[in-house]
Every structure is written in structure tokens, then in C-alpha cells.
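Visitor: sequence first, then the predicted structure, then my questions.
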Amino acid sequence: MTGFGKQNMAVLVLREADDITTVLRQALDTAPAEERPGLERAMALAAEAGAVPDAELRGRWALRRMASTGYEGPPRTVAAVKALRTAERSLSLLQAVNLSKDAEAVATATQDGRAAEPDAR
């Protein structure tokens, strides 16, 4: 997600869920019966984490960065964009505005019960 001109996003979403699932599957293949339920649960969690859209991951990240500056207001305001740019000085105004939109979508979904609270992933 970097290097694409004016719409360049400074936040790179890394996904390792596929690699983790592969390792878990290999462990499951050789696991004794008592370890299988835990490994199967871990595989399900890895698959769930891998299915989260990039915009949601960016939104969670933006909410955490805003909070790191002490900002607790709505994510789609001038103050929120300022807090985000304070936390991440390399963000352009456009990038911060776009990230605040992602953060607003996450916050709205969280309020509606559709998503978990932003976490420290």
C-alpha cells in the first residue's frame, strides 16, 4: 500500500495469518489427541484474523494512534486528524483524513456491535 502516488498510505497492513495457519496445520498433523482441540481453535482464530479487511485494520491502528496522544473524541474531526498527525508525523493531511475515515467506520461498527474494540494487534 505504499508508493502509489498522491493516495499513498503510510500504513502498511501486514498479514501473516496464512503462514501461521500453515504452521498450526503442520503441528495439528502430528499432535497428540489432547492437543488437537487447542490447535484447531488456534487455526480458527488465525483464519478469523486473516479475514479482517485492510480498512478495518487501518481504522483500528488509527484509533490506537489517536488515543496515544490522549485524544478521546470522535475520529472524524479536525482534532482527530491533528492527533493522528501528531502521533505519526510522517502522515500527510490526505493520509490522516483517509485514516480518520477508516477509524470512524471501525468506531461506528463497534458502537453498533459489529466489531470488536480496537486492540493492540
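Guide: In hand now; what should we look at?

Visitor: and the lengthiest helix in the chain, how far from the chain's centre?
Guide: If you go by DSSP state H, the chain has its longest helix at helix 93-111. Taking CA atoms, centre = their mean, to the nearest Å, one finds helix 93-111 lying 11 Å from the centre of the chain it belongs to.

Visitor: ditto for stretch 84-92
Guide: Distance, stretch centre to chain centre, for stretch 84-92: 17 Å (CA atoms, centre = their mean).

Visitor: what's that stretch in contact with?
Guide: For stretch 84-92, the surrounding residues in contact (CB atoms under 8 Å, 6 or more residues apart in numbering) are Asn8, Ala10, Ala62, Arg65, Met66, Ser68, Thr69, Leu93, Ala96, Leu99, Ser100, Ala103. C-betas here are computed from N, CA, C, even on glycine.

Visitor: repeat the analysis, applying 6 Å as the threshold.
Guide: Applying CB atoms under 6 Å, 6 or more residues apart in numbering, the external contacts of stretch 84-92 come out as Ala10, Ala62, Arg65, Met66, Ser68, Thr69, Ala96.
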